[in-house]
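[1] starting from these lines, generate the structure:
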Amino acid sequence: MKRLLLVCATVLAVAGLAMAQGSGARVRIVHASPDAPAVDIYVNGAMVLENLPFREYSEYLSLPAGTYNVEIKVTGTNTVVKQLSVPVQAGRDYTAIAVGYAGAGRTPGFDVKLLEDDNSAPEEGRIKVRVAHTAPGAPAVDVYVTTPFETLTGKQPVLTNVPFNAASGYLSVPIGMYQARVAVAGTKTIAIDSHRLVTWGGMIRTIIAVDNRGGGAPFDLILLPDRN
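    The predicted structure is shown next:
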């Protein structure tokens with residue numbers, strides 16, 4: 001199971017309590033801050049994770065509803081990268097994404113973006129796909145979804161002019177084989193290419209655009225398995 005930065009600490013610190021108390025919220029964590037160092041995670045003053053890297057994500061983990069105090073520190077030090085409160089509600093799913101640059105003076109700065117997920121089943125014969133632009137070094141983008149290797153000539157994007165730190169709603173598309181391509185807004189200049197994506201009934205995916213390690217191009221994506 002992949003592990004990750006940031007509010008993942010929240011999940012692990014209270015997972016046992018969640019199991020004892022029954023149903024609660026579910027939280028999944030994604031680390032998309034390209035220059036953030038490895039970190040230790042503290043919840044309510046206790047370290048629960050250490051040495052967590054860029055571009056990792058957690059599975060959905062259960063926890064009781066509530067608000068949790070989380071500190072993110074550079075691994076092995078008391079240097080606080082971020083301190084935040086994370087509220088979650090029972091019966092809801094969330095994706096928490098570390099975004100922006102951690103380095104002093106770099107913009108956009110480091111933050112945590114909390115998305116509420118909709119993992120209700122797609123309509124019969126369809127899938128759901130969501131896109132989040134969390135690559136701070138990339139401009140606004142257009143997103144194309146086509147059959148594999150189909151030319152973009154004459155094609156219209158399914159999402160247009162998506163800025164950094166924005167996430168789309170869920171796109172409902174028929175089951176099939178697809179290729180998602182992210183282009184600089186207003187052009188056909190491809191910044192990120194998913195290559196071939198095979199889909200099946202009931203599938204839900206979140207596509208997260210990220211910088212290269214350290215920041216900037218070449219850009220890439222993280223494909224989150226929301227529901228299979």
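[2] how far out from the middle of the chain is stretch 143-155?
    Centre-to-centre, stretch 143-155 and its host chain are 24 Å apart (CA atoms, centre = their mean, to the nearest Å).
[3] buried residues of it, list them for me.
    Of all the residues in stretch 143-155, those buried under the rule 16 or more other CB atoms under 10 Å are 143-145, 152. Every C-beta, even on glycine, is put in place using the N, C-alpha and C of the backbone.
[4] can you list contacts of that stretch?
    If you take CB atoms under 8 Å, 6 or more residues apart in numbering as the criterion, stretch 143-155 is touched by 129, 131, 157-159, 162, 168, 171, 173, 176-183, 188, 195-196.
[5] and those, which of them are in strands?
    Here DSSP state E is the test, and these give 129, 131, 159, 162, 171, 173, 177-183, 195-196 as lying in strands.
[6] greatest separation within those: which pair is it?
    Spatial extent of these (CB to CB) is set by the pair 162 and 177 at 23.6 Å.
[7] distance from the centroid: which residue in the chain tops it?
    Seen from the C-alpha centroid of the chain, the residue lying at the greatest distance (CA atoms, centre = their mean) is residue 154, 30.4 Å away.
[8] is it correct that that one falls within a helix?
    No - going by DSSP: H, G, I helix; E, B strand; the rest coil, the assignment for residue 154 is coil, not a helix.
[9] any figure for the gap between it and residue 95?
    34 Å (CB to CB, to the nearest Å).
[10] same question, residue 188
    29 Å.
[11] same thing with residue 33?
    Applying CB to CB to residue 33 and residue 95 gives a distance of 15 Å.
[12] what's the answer for residue 169, then?
    Residue 169 is 14 Å from residue 95, by CB to CB.
[13] which one of the two has more residues nearby?
    Taking other CB atoms under 10 Å, residue 169 and residue 95 do not tie; residue 95 has more neighbours (25 against 10).
[14] what is the least confident helix or strand in this protein?
    Least confident helix or strand of the chain, by mean pLDDT, DSSP states H and E, is helix 8-21 with a mean of 39.
[15] helix or strand right after that one?
    Sequence-wise, the next helix or strand downstream of helix 8-21 (DSSP states H and E) is strand 25-31.
[16] quote the end-to-end distance of stretch 46-59.
    End-to-end distance for stretch 46-59: 22 Å, by CA to CA, to the nearest Å.
[17] show me what counts as buried in that stretch.
    48-49, 52, 54-58.
[18] check stretch 186-206 too.
    Of all the residues in stretch 186-206, those buried under the rule 16+ other CB under 10 Å are 191-192, 194, 197, 199, 203-206.
[19] distance to residue 216 and secondary structure for those residues - can I get that in TSV?
    Converted to TSV, the buried residues of stretch 186-206 look like this (distance: CB to CB, whole Å; DSSP: H, G, I helix; E, B strand; the rest coil):
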residue	distance to residue 216	secondary structure
191	11	strand
192	13	strand
194	20	strand
197	25	strand
199	31	coil
203	32	coil
204	30	strand
205	25	strand
206	23	strand
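[20] can you tell me which of those residues is nearest residue 72?
    Sorting the buried residues of stretch 186-206 by distance to residue 72 puts residue 206 at the head of the list, at 22.0 Å, by CB to CB.
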